[in-house]
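1. Fold the following for me, if possible:
(chains A and B)
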Amino acid sequence: MLKGNEMNHQGKYKLSRIAALVLGSLSLANVANAADTSQAQPAAQAQQPAQGQDSKLRRSRETSFPQIASGPWNGPKLADGQPDIGGVWSNTISNHGNFEDPQGRGGIGAGQTLGKREERAPSRVSDPVDGHVPFQPWAAEKVKEFRVGFQNPTYPGHVEPNARCAPGGVPKSLYWHGYDIQQYPGYVLFVFDNGTRIIHLDEKKPHLPDNIKLWNGDSRGHWEGNTLVVDVANHNGKALFGRSGEFISENGHIQERYIFSQDGKRYNYVAVLTDPTVYTRPFTVTIPARKWTDADESDGWNLEARWAKTSSKERILEHDERICYENNGGFGLGASGASAKK
Amino acid sequence: MNHHLFNRISHGLGIAALLAAALSVSFPASAEEKIPRLPNGKPDFSGIWQTTSAADYDLEPHSNRKDAPPGPGVVEGNTIPYLPQALEQKKKNFENRATDDPALKGWTLGVPRTVYYPEPFQIFERAQDVTIVPQFGHSVRSIYTNNTQHPDDPNDWWLGDSRGHWEGDTLVVDVRHFNDKTWLDHAGNFHSDALHVVERWKFLDANTLEYTATLDDPKVYSRPWNISVILYRHREKNFQLIEDYRYTLDFDQYYPPRRDQNQDKN
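-> Numbering: from 1, shown residues only, chains lettered A, B, ... in the order given. You can find the predicted model right below:
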């Protein structure tokens, strides 16, 4: 049997819409704020503006969160020995608007901030203690350029790629919409609204060849008690960390620890990001997460599920298909309504 | 003829021979004893699967073309029973396939095309659902096997709404509530938003699945019709899906930021 890449017949077709795409993106990037918060939903829903949703607890807003120690797992286990932690999860702080000040400007909605800096949730950068990504000077300059360009784009790279329905990548997928974690013998599956991560629990399986670069990288993991330890290689470096423009390159490497609380209701994501071509030193990202259950009500963001139709009285959460690109006119422009349901 | 195309055509001939063999041989039921099963006893389709058929080039029998190897077709009775007006649309689609095939834009392949598109897909199975992750694209499909029903307030979905149940060792899936934006193959075979698909998935042996589907669409076809393809398990050492978000190739060149040539080295 031939391998997939040998059988693939699509590669020869060169897409020729690049020019149109660039123009479309530039002219409409200013609505990216609205579009981005609504993508991956059916277009009819996607046209609803994001404004005014916060009053409905659209986003979680913890200003602090508990530390969780790595250690043994005493909770329920699956038949294959994995801690049973599957379900709907989301971050507890804020969306991807602002990486280092998640509840600061841009972090929780246009023009809104929560209190003084010390009253808001800490930076997602937990080391160094100043909360800033230790960028090399050239890279810091690029982040500044992006922040200017994001407001008034003059170059296609000023559009946040997630607004084009690109996968959120690592680590940003963890602080966008809520997501599903599913577990299978040999795998942990993360199903995000944009993109899917397959964590291979067989560490003897080598990473893909280094020249293969992927939005979500290539993940190998194992469980250490309550902690899922994942090594991520093969990044393409294209997914930004947020609308604030922080980034890693294709030379980057990420070592993740998902540390689950014993009651199974929370985990803290603690990851070390290394990239000698972009950073002056490795640094640590910490993202708190909570689990949602059948007892929770959908908030349309962290928990987007609906109830399944069933003849029993059981409440069963279901999620709509996760389609972004096709429903958003190809450019992540949900607000344009280009492909609204007939 | 370039070397690449030659390879694909000779590959297609191999497919023809394989399919012919598959259709003429009845598989022994004794193989069922050795199939993988979940703890609840249901067949476990977990694994990475792919067809060797030429179905995605054209579901119907076809001679070789510049953009396709020949194929014997996978349609029972050979011909899709289009209504007259729909047949005209199919012919237009065929003429414009080099630009209009949604797959060329990296769009969701839909059901059943994901199953026989020439890239692998991975099945993850639990008692309550079967999750299908295609290598091509991003459209994870959930088949619910937890006795839930189609929703009362459906949308028109790219993948439809899939509710499955077991008939012996066969997974039978009822799929409804589609949109009309996907094609069934590269030859422009199509459907409307009235498409209704009933799939049957079963093991022929531990490493081979038989997939059949009945497609009904009163707006497009004069009667229901059937397709059948064989899926093979990828058993290459360390084989895995490699994400293929094809639609991102239009813009991925702009990321990540690059160090300027004249920017100060520090």
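2. Okay, strands next: where are they in the stretch 51-200 of chain B?
-> B:121-125, B:129-134, B:141-144, B:148-149, B:161-167, B:170-176, B:196-205 (DSSP state E, counting those that start in this stretch).
3. is any part of the last one close to chain A?
-> In this case it means strand B:196-205. No: against chain A, strand B:196-205 shows no contacts by CB under 8 Å from any CB of the partner chain, the least distance being 14.5 Å. The way it works is simple: take the backbone N, C-alpha and C, and place the C-beta from them, glycine included.
4. Please state the offset of that strand from the chain centre?
-> 12 Å (CA atoms, centre = their mean, to the nearest Å).
5. which helices and strands sit right next to it?
-> Under the contact criterion of 3 or more CB pairs under 8 Å, 6 or more residues apart in numbering or on different chains; DSSP states H and E, strand B:196-205 touches strand B:170-176, strand B:208-216.
6. and whichever helix or strand comes after the longest one, is it in reach of chain A?
-> This means strand B:208-216. As assigned by DSSP states H and E, the chain's next helix or strand after strand B:208-216 is strand B:225-233. Yes: using CB under 8 Å from any CB, we find that strand B:225-233 touches chain A at B:Y232.
7. Name the residues of strand B:225-233 that are buried.
-> B:225, B:227-233 (16 or more other CB atoms under 10 Å in any protein chain shown).
8. for stretch A:311-325, same thing?
-> A:316-325.
9. contacting residues for A:L228?
-> Contacts here follow CB atoms under 8 Å, 6 or more residues apart in numbering or on different chains; on that basis A:L228 touches A:188, A:199, A:221-222, A:256-258, A:260.
10. let's go with 7 Å and repeat that
-> Contact analysis of A:L228 by CB atoms under 7 Å, 6 or more residues apart in numbering or on different chains lists A:188, A:221, A:258.
11. Below-threshold pLDDT in chain A: ranges please.
-> A:1-60, A:108-112, A:329-342 (pLDDT under 70).
12. residue ranges of the helices in it, please?
-> Counting by DSSP state H, chain A has helices at residues A:4-7, A:18-28, A:32-38, A:43-46, A:137-151.
13. show me where pLDDT drops low in chain B?
-> In chain B (pLDDT under 70), the answer is B:1-33, B:262-266.
14. Send over stretch A:164-175 as CSV, restricted to the C-alpha atoms.
-> Presented in CSV, the C-alpha positions along stretch A:164-175 are these (Å, rounded to 0.1, in the frame of the first residue of the first chain):
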residue,chain,number,x,y,z
ARG,A,164,-8.2,33.5,8.5
CYS,A,165,-9.4,30.3,10.2
ALA,A,166,-5.8,29.0,10.4
PRO,A,167,-5.3,26.6,13.4
GLY,A,168,-4.7,28.4,16.6
GLY,A,169,-1.6,26.3,17.2
VAL,A,170,0.4,25.8,20.4
PRO,A,171,-0.3,27.3,22.9
LYS,A,172,-3.0,29.6,21.7
SER,A,173,-5.6,27.0,21.0
LEU,A,174,-5.9,26.6,24.8
TYR,A,175,-7.2,30.1,25.3
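15. That stretch vs chain B: in contact?
-> Yes: residues of stretch A:164-175 contacting chain B under CB under 7 Å from any CB of the partner chain: A:164, A:166-167.
16. re the thing from before, let's have the contacts of A:L228 in a markdown table, adding distance to chain B and neighbour count.
-> Formatted as a markdown table, those follow (distance: CB to the nearest CB, whole Å; neighbours: other CB atoms under 10 Å in any protein chain shown):
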| residue | distance to chain B | neighbour count |
| --- | --- | --- |
| A:V188 | 10 | 22 |
| A:G221 | 13 | 20 |
| A:Y258 | 19 | 26 |
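17. before we move on, the earlier item: could you dump the strands of the stretch 51-200 of chain B into a markdown table with mean neighbour count and distance to B:D101 added?
-> Formatted as a markdown table, the strands of the stretch 51-200 of chain B follow (neighbours: other CB atoms under 10 Å in any protein chain shown; distance: least, CB to CB, whole Å):
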| stretch | mean neighbour count | distance to B:D101 |
| --- | --- | --- |
| strand B:121-125 | 22 | 19 |
| strand B:129-134 | 21 | 16 |
| strand B:141-144 | 22 | 20 |
| strand B:148-149 | 17 | 33 |
| strand B:161-167 | 17 | 23 |
| strand B:170-176 | 19 | 21 |
| strand B:196-205 | 19 | 20 |
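18. residues near residue 215, how many?
-> Just so you know, I chose chain A. 25 (other CB atoms under 10 Å in any protein chain shown).
19. think we crossed wires, I meant chain B
-> B:L215: 25 neighbours (other CB under 10 Å).
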